[in-house]
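K.L.:
pasting the structure only:
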């Protein structure tokens, strides 16, 4: 039986960086993956959805080129070709992950892992390997409630991404980021989309002003319907389509996308043999050092029930690897930017206004709209704004949000400023290049202090 210093179970965005980091530190490392290297994010989530979104955006830019003085006629798109491009992007990145693991001396195993005891792992009943330390990085998978029928016209996000033809109409069940991203992409390409969300609004983890901006754009610019505050009941599917009742209305469509949530992937691990068990919600508890209750076992990423984002799993994975090989223990970072590739894009980091209210914390905010930027007008992208949330007394930056063009890129500036403990004054005094979208952060810092140059003063 081969023995390794570290065995990583799961080769997603948390697992493979953990394996590489442990190998960099001199450990003998194995990684076990039962599906595809790169995990859900690379194969069935982040990368394929963003590839299709990029194709949809390219189509929209060409279709609307007349506004820029460019005449284009007969603009069409080939969705099958878009899917083919998506697959090529995924294949290239997956191949890159395998090459990186090999280059760092990590030994790969393909199959499902199950603990025989705390330091022994069986792989699909075949190979058995020893592990001084184990890092569980098995991620999560789509959750399908019992009230949703099993039918070819009812798909979750993974199955949707394999379609080579778009439906003419679709119901998206769930107004979280997965449902809204796919809904926006499909609506951009002309699909008649209806989003149904049980909660009072879509994207409820966002402040009201952010989700209001997204909802308004989806409804007015993209033509999607957004129904909130009521469940979709009586769901039925047959060869002709899908249907369901939302309030007093019966909805009909060609396809139903189930985007109601995800569940941790712990099936088959035989955690009890390692002295572990999942909590009441099905997750594996891990502390800020990525340690579980079993002394030699660490857990990272979605399977822990913390923030379910690929980049957070990567950060946890690197910390878990360093802690597993005996470096001075350190906590994983907790300032995590959140990016949503809807139309318009949304990104947040740190404290939100809603969280500040719950905590009873006094804050000040500063907001600046892209419509007030020279770059926004020149680029024809004026939807949305950026916002700072700062301590009311010290004006130290505690949180930030952006909704609009380049929001998912712009949030990196805010993340750095918050981590560096900048105040609004310091950020506002930092010279930003003109004309750029990033100027909005400087303008918003000025607005927070009542010193805005390019916006009318607040009414007193």
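P.N.:
Cool, the structure landed. Being a predicted model, the structure only gives us computed values, none of them experimental.
K.L.:
Got the phi and psi for the spatially most central residue of the chain?
P.N.:
Nearest to the mean C-alpha position of the chain, by Cα atoms, centre = their mean, lies residue 309 at 5.0 Å. When read as degrees, to the nearest 10, the backbone of residue 309 gives phi -140, psi 140.
K.L.:
State the mean pLDDT of stretch 246-264.
P.N.:
For stretch 246-264, the mean pLDDT works out to 96.
K.L.:
Tell me where the stretch 51-200 of the chain has helices.
P.N.:
Ranges of helices in the stretch 51-200 of the chain, per DSSP state H, counting those that start in this stretch, are 79-103, 157-160, 177-188.
K.L.:
export the ones you listed to CSV and tack on distance to residue 351?
P.N.:
For glycine as for every other residue, the C-beta is placed from the backbone atoms N, C-alpha and C. CSV is the format used below for the helices of the stretch 51-200 of the chain (distance: least, Cβ to Cβ, whole Å):
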stretch, distance to residue 351
helix 79-103, 33
helix 157-160, 29
helix 177-188, 19
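K.L.:
okay, these, which one's buried deepest?
P.N.:
helix 177-188 (a mean of 25; mean count of other Cβ atoms under 10 Å).
K.L.:
what residues does that one touch?
P.N.:
45, 49, 52-53, 56-57, 59-60, 157, 160, 166, 170, 172-173, 193, 195, 197, 202-203, 214, 218, 222-224, 257, 259, 340-343 (Cβ atoms under 8 Å, 6 or more residues apart in numbering).
K.L.:
got the angle for it vs helix 79-103?
P.N.:
On the basis of axes from the mean of the first three to the mean of the last three Cα atoms, to 10 degrees, helix 177-188 is oriented at 140 degrees to helix 79-103.
K.L.:
Would you mind measuring from the residue lying closest to residue 168 once chain neighbours are set aside to residue 437?
P.N.:
Using Cβ to Cβ, 6 or more residues apart in numbering and skipping the chain neighbours, the partner closest in space to residue 168 is residue 254 (5.5 Å). Distance of residue 254 to residue 437, given as Cβ to Cβ, to the nearest Å: 37 Å.
K.L.:
Pick out whichever of these two has more residues nearby.
P.N.:
Each of residue 254 and residue 437 has its neighbours counted (other Cβ atoms under 10 Å); residue 437 has more, 21 against 16.
K.L.:
Hmm, residue 369 and the more buried one touching each other?
P.N.:
No: contact status for residue 437 versus residue 369: not in contact, 11.7 Å apart, counting by Cβ atoms under 8 Å.
K.L.:
Reformat the helices of the stretch 51-200 of the chain as CSV; add distance to residue 356 and mean pLDDT.
P.N.:
Shown next, in CSV, are those (distance: least, Cβ to Cβ, whole Å; pLDDT from 0 to 100):
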stretch, distance to residue 356, mean pLDDT
helix 79-103, 38, 98
helix 157-160, 32, 95
helix 177-188, 22, 97
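K.L.:
To residue 296, which of the ones you listed lies closest?
P.N.:
Between residue 296 and the helices of the stretch 51-200 of the chain, the tightest spacing by Cβ to Cβ is seen for helix 79-103, at 22.1 Å.
K.L.:
Distance from the chain centre to the closest one, please.
P.N.:
Computed by Cα atoms, centre = their mean, to the nearest Å, the separation of helix 79-103 from the middle of its chain amounts to 19 Å.
K.L.:
mind giving me the domain split of the protein?
P.N.:
Domain assignment for the chain, taken from automatic domain parsing, gives 2-141+263-324, 154-260, 344-448.
K.L.:
Now do the strands in the stretch 151-300 of the chain.
P.N.:
154-156, 169-173, 192-197, 225-228, 232-238, 241-246, 249-253, 255-258, 262-264, 297-299 (DSSP state E, counting those that start in this stretch).
K.L.:
Residue 92 is nearest to which of the ones you listed?
P.N.:
strand 154-156 (24.8 Å).
K.L.:
just to revisit the earlier point, ok, the residue nearest to residue 168 - contacts?
P.N.:
153, 167, 168, 169, 170, 241, 242.
K.L.:
what's the distance between it and residue 232?
P.N.:
Residue 254 is 16 Å from residue 232, by Cβ to Cβ.
K.L.:
do the same with residue 7
P.N.:
Residue 7 is 43 Å from residue 232, by Cβ to Cβ.
K.L.:
Comparing the two, which residue is more hemmed in?
P.N.:
Using other Cβ under 10 Å as the criterion, residue 7 and residue 232 rank with residue 7 on top: 31 against 24.
K.L.:
pLDDT below threshold where in the protein?
P.N.:
For the chain, the stretches flagged by pLDDT under 70 are 125, 460.
K.L.:
Do a quick rundown of the helices in the stretch 201-350 of the chain.
P.N.:
Listed in chain order (using DSSP H, counting those that start in this stretch), the helices of the stretch 201-350 of the chain are 208-220, 310-324.
K.L.:
which residues of the stretch 351-460 of the chain fall in strands?
P.N.:
Using DSSP E, counting those that start in this stretch, strands in the stretch 351-460 of the chain cover 363-369, 385-391, 397-403.
K.L.:
re the thing from before, just send the domains of the chain back as JSON lines, with distance to residue 333 too.
P.N.:
What follows is the domains of the chain, written out as JSON lines (distance: least, Cβ to Cβ, whole Å):
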{"stretch": "domain 2-141+263-324", "distance to residue 333": "5"}
{"stretch": "domain 154-260", "distance to residue 333": "19"}
{"stretch": "domain 344-448", "distance to residue 333": "8"}
